[in-house]
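J.: Fold the following.
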Amino acid sequence: MKILVCISSVPDTTSKINFTADNTAFDTNGVQFVINPNDEFGLTRAMWFKEKQGATVHIATVGLATVEPVMRKALAIGADEAIRVDAAPTDGLFVANQLAAIIKDGGYDLVIAGRESIDYNGGMVPGMIAAMLGMNFVNTCIQMEIEGDKAKAVREIDGGKETLETSLPLIIGGQKGLVEESDLRIPNMRGIMMARQKKLEVIPATDAAKGTEEVRYEKPAPKGPVKLVDPDKLDELISLLHNEAKVI
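T.: Alright, predicted model coming up:
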């Protein structure tokens with residue numbers, strides 16, 4: 001089985017976010033970038049298929065040279081090869097077109113992408129790839145098993161879970177539950193050294209249109225002042241919620 005894991009390089013959730021150029025550009029100074037968490041769950045599941053079923057695992061990223069440290073981490077975790085499309089990932093449609101071009105001729109049985117990245121939260125790329133290539137698609141996937149050319153997947157739905165059976169080739173939008181956080185892997189020294197020798201291919205972007213353009217960024221409004229109420233003064237709390245906060 002040949003697997004492609006789509007990786008996004010995203011700011012660490014502890015990073016302080018700022019904007020430049022009159023709030024029209026993201027300021028990357030001092031920001032640490034990591035593998036998108038939903039993608040990392042997918043990569044860890046791919047490692048399971050590699051170890052248990054002998055799968056070959058490639059990773060693909062759309063990004064400039066600055067994303068290569070994140071790609072090397074994925075290789076150190078255990079991926080066999082990496083492909084970087086040399087372009088800024090400024091639009092979901094553009095990214096989907098670049099990844100679809102890789103998948104089309106790559107002979108992949110399974111494509112694992114995160115259901116969304118934690119920076120732009122578009123949640124659109126896996127579904128668009130599936131539509132472009134006519135592949136079976138399972139989103140919000142939290143469990144998956146593969147036997148031969150058949151896959152059994154469980155996905156989250158409103159109020160519960162749904163179990164699906166489908167055939168390969170398949171693309172999934174994975175998330176936490178595909179593996180647990182305790183299963184995520186930290187590269188060891190041997191993996192880091194081996195990653196330096198693994199193939200990281202850089203390819204030019206295909207000529208693809210962008211569907212959206214960032215116009216301006218805006219931070220959430222700062223939190224207002226907080227008024228503390230003694231736990232024993234329930235009547236005062238109810239009065240404040242009713243008359244001042246007007247939430248009841």
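
J.: going forward, measure contacts and count neighbours with C-alpha atoms only.
T.: Will do.

J.: The nearest residue to Lys150 once chain neighbours are set aside and Thr212, how far apart?
T.: Spatially, and ignoring its direct neighbours in sequence, Lys150 is nearest to Ser167 (4.4 Å; CA to CA, 6 or more residues apart in numbering). When distance is defined by CA to CA, to the nearest Å, Ser167 is 33 Å away from Thr212.

J.: C-alpha coordinates for stretch 130-137, CSV please?
T.: Provided in CSV are the C-alpha atoms of stretch 130-137 (Å, rounded to 0.1, in the frame of the first residue of the first chain):
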residue,chain,number,x,y,z
ALA,A,130,-11.4,14.1,-3.8
ALA,A,131,-13.7,16.0,-6.1
MET,A,132,-10.9,16.9,-8.5
LEU,A,133,-9.7,13.3,-8.7
GLY,A,134,-13.0,11.4,-8.3
MET,A,135,-11.7,9.6,-5.2
ASN,A,136,-13.8,8.2,-2.4
PHE,A,137,-13.8,10.6,0.6
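
J.: For it, buried residues please.
T.: Buried positions in stretch 130-137, judged by neighbour count with 16 or more other CA atoms under 10 Å: Ala130, Met135, Asn136, Phe137.

J.: Can you flag which of the residues you listed belong to strands?
T.: With DSSP state E as the criterion, strands contain Asn136, Phe137 from among these.

J.: ok, now which ones touch the nearest residue to Thr24 once chain neighbours are set aside?
T.: Residue nearest to Thr24 in three dimensions, not counting chain neighbours: Arg216, with 4.6 Å by CA to CA, 6+ apart. Contacts for Arg216 were tallied using CA atoms under 8 Å, 6 or more residues apart in numbering; they are Asn23, Thr24, Ala25.

J.: re earlier: which ones are touching the residue nearest to Lys150?
T.: Asn136, Asp149, Lys150, Ala151.

J.: buried residues in stretch 32-48?
T.: So, applying 16+ other CA under 10 Å, buried residues of stretch 32-48: 33-47.

J.: Just the ones of those residues in strands?
T.: Phe33, Val34, Ile35.

J.: Just send those back as a markdown table, with pLDDT too.
T.: Below are these laid out as a markdown table (pLDDT from 0 to 100):
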| residue | pLDDT |
| --- | --- |
| Phe33 | 95 |
| Val34 | 96 |
| Ile35 | 97 |
